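**Q** Need coordinates for the below:
(one chain, ligands or ions: 1)
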Amino acid sequence: MWDQDGRRYLDGSSGAMVCNIGHSNKNVLTAMRRQMEKSTFGYRLHFETEASEQLASKLVGLMPDGLNRVFFVSGGSEAVETAIKLARQHAVSTGQNSRWKVISRRPSYHGCSLGALAVTGYDPLTAPFMPMMQDMPKVPAPRAYLDGLNPDDPATGAHYANMLEAQIQAEGPNSVLAFLVEPVGGASTGALVPPNGYMERIREICDHYGILLIMDEVMTGVGRTGAFLGSDHWDARPDIVVMSKGLGAGYIPLGAVIAGDALVAPILETGGFAHGFTYAGNPLACATGLAVLHEIEMQGLCANAAAMGDTLLARLKSLMQKYELIGDVRGKGLLTAFEFMADRDTKAPLPPHLNAHQRFVDLAYARGLIVYSRRTRGGTEGDHILVCPPLIANTQHIDEIMHGLDASMAQFSQDIHADLKA
Ligand code: PMP
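**A** Numbering: from 1, shown residues only. Okay, the predicted model is just below:
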């Protein structure tokens, strides 16, 4: 990217983990132009369009078996709201009126509209609005690295998954509708990869209690983690998949909610889904999404994300050896992150007044590298930097990213150590 003064930036965060196929892809622009010349709107209740039908079929082919019904929306928050309402209407239409609670994790981010915010575990964003929404139960995200547990040990996965079971029992199993989870954590937990056994065990628990498993793949979907869905890495088939970011890939607002016939049929038999946004299934958005998926497939970008992700993660681990302020490195595919700590042994975060994550972003930006940062650990402490280049990244791009990170870390370490002494 170049700014108005001609300064060049390497987009090391794909915008906000959106621009997976890079900017200005010619094939996508051509598909958009063609669709614009045909039609840019067809009201969902009047017409199905060729574009929405084709994209739905394409998506179904990329889903785990049995997830064959697609509902389009225009973004991630809309998709999360839609999934929650779909789950609830399934419960109502099958005589399970008592089920309405959606359990999610803390920290987590699932969107900014009130329904999506109610299932978001991130106090700085939720606190002002609490009186206006139904607070939903949260369980701790499986941050083995903070709790000193070995993520490779299946007992660790079971330890965190069993917290979900305990929460279900505390709530009353028949009041719980769904568990909403990101397969690999995004903005809130900074590329948190679940410990061994976690995903399989949450699937088992959901099955046992008749609870729907909703996978928020807004950030992880469309190849970001090296597989089409983040959840494809584990044996934990979702009941509902929520997608957005990488589907429109920065070319157009687009999202999708995908579920199976068994879930959707009872709703259709009892009057249909009482839900829908005006722009749902917009033909221009769907034609764009279809062109994006063609590019992902044609260029082999899931496999590239896996390979480049391995390289990037290894190199971030070397960076951690060089700079003691980096306390943890983690990720899967091209969803990677590192977290700052004042002390690796105690896991103490850097003091909040240092505003470390923003300072690092600014240092990188001044060196022509864009990265994404957040306060983590519930928003009150800890800083992480997400390094998530587009899935078209090659080794030269990774070299350039590492060069920018190294130069920024050198300055950052000097500045922070000076501030800590002061
Ligand atoms: N879920 C996840 C996992 C996300 O990362 C985001 C956006 N960062 C959302 C939902 C909300 O998406 P949007 O901003 O498109 O509404």
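
**Q** buried residues in the host helix or strand of residue 16?
**A** Assigned by DSSP states H and E, residue 16 falls within helix 14-17. Neighbour counts over helix 14-17 (16 or more other Cβ atoms under 10 Å) mark 14, 15, 17 as buried. Using the backbone N, CA and C atoms, a C-beta is placed for each residue, glycine as well.

**Q** repeat for stretch 32-41
**A** Buried-residue list, stretch 32-41, by 16+ other Cβ under 10 Å: 32, 35.

**Q** Can you give me the neighbour number for the nearest residue to residue 34 once chain neighbours are set aside?
**A** Leaving aside its chain neighbours, residue 34 sits nearest to residue 287 (7.4 Å; criterion: Cβ to Cβ, 6 or more residues apart in numbering). Other residues lying near residue 287 total 27 when counted by other Cβ atoms under 10 Å.

**Q** before we move on, back to that, which other helices and strands does the helix holding residue 16 contact?
**A** helix 245-248 (3 or more Cβ pairs under 8 Å, 6 or more residues apart in numbering; DSSP states H and E).

**Q** So which residues make contact with the helix or strand that the helix it packs on is followed by?
**A** Where DSSP H and E defines the elements, the next helix or strand beyond helix 245-248 is strand 255-259. With contacts defined as Cβ atoms under 8 Å, 6 or more residues apart in numbering, strand 255-259 is touched by 55, 59-60, 63, 67, 69-76, 78-79, 82-83, 86, 218, 239-244, 247-248, 289.

**Q** and the next helix or strand after strand 255-259, which residues are buried?
**A** The element immediately downstream of strand 255-259 (helix or strand, assigned by DSSP H and E) is helix 261-269. Neighbour-count burial for helix 261-269, counted by 16+ other Cβ under 10 Å, picks out 263, 264, 266, 267.

**Q** pLDDT of the following helix or strand past helix 261-269, averaged?
**A** Downstream of helix 261-269, the first helix or strand assigned by DSSP H and E is helix 283-298. Mean per-residue pLDDT for helix 283-298: 98.

**Q** right, is helix 283-298 up against the ligand?
**A** No - Helix 283-298 does not reach the ligand (Cβ under 6 Å from any ligand atom); its nearest approach is 12.9 Å.

**Q** List the buried residues for that helix?
**A** 283-293, 295-296.

**Q** Out of those, which two sit at the greatest distance?
**A** Across these, the longest distance by Cβ to Cβ is 20.2 Å; it joins 283 and 296.

**Q** got the contact list for the residue nearest to residue 34?
**A** 31, 32, 34, 35, 51, 55.

**Q** Nearest to the ligand, out of those residues: which one, please.
**A** residue 55 (17.6 Å; Cβ to the nearest ligand atom).

**Q** Wait, that closest one touches residue 289, no?
**A** Yes - counting by Cβ atoms under 8 Å, residue 55 does reach residue 289; the two are 5.0 Å apart.

**Q** Stretch 138-151: how far from the chain's middle?
**A** With Cα atoms, centre = their mean, to the nearest Å as the basis, stretch 138-151 stands 18 Å off its chain's centre.

**Q** Mean confidence (pLDDT) on it, please.
**A** 96.

**Q** So what touches it?
**A** Under Cβ under 8 Å, 6+ apart, the answer for stretch 138-151 is 103-108, 121, 156-157, 159-161, 163-164, 167, 185, 188-189, 192-196, 198, 328, 330, 347, 377.

**Q** Quick one: name the residues of the stretch 101-250 of the chain near the ligand.
**A** 109, 110, 111, 182, 186, 187, 216, 218, 219, 244.

**Q** switch to 8 Å and redo it
**A** Within reach of the ligand by Cβ under 8 Å from any ligand atom, the stretch 101-250 of the chain has these residues: 108-113, 116, 182, 186-187, 216-220, 242, 244-245.

**Q** For stretch 1-14, which residues meet the burial criterion?
**A** 10, 11, 12, 13, 14.

**Q** could the contacts of residue 287 be laid out in a markdown table, adding secondary structure?
**A** Shown next, in a markdown table, are the contacts of residue 287 (DSSP: H, G, I helix; E, B strand; the rest coil):
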| residue | secondary structure |
| --- | --- |
| 31 | helix |
| 32 | helix |
| 34 | helix |
| 35 | helix |
| 51 | helix |
| 55 | helix |
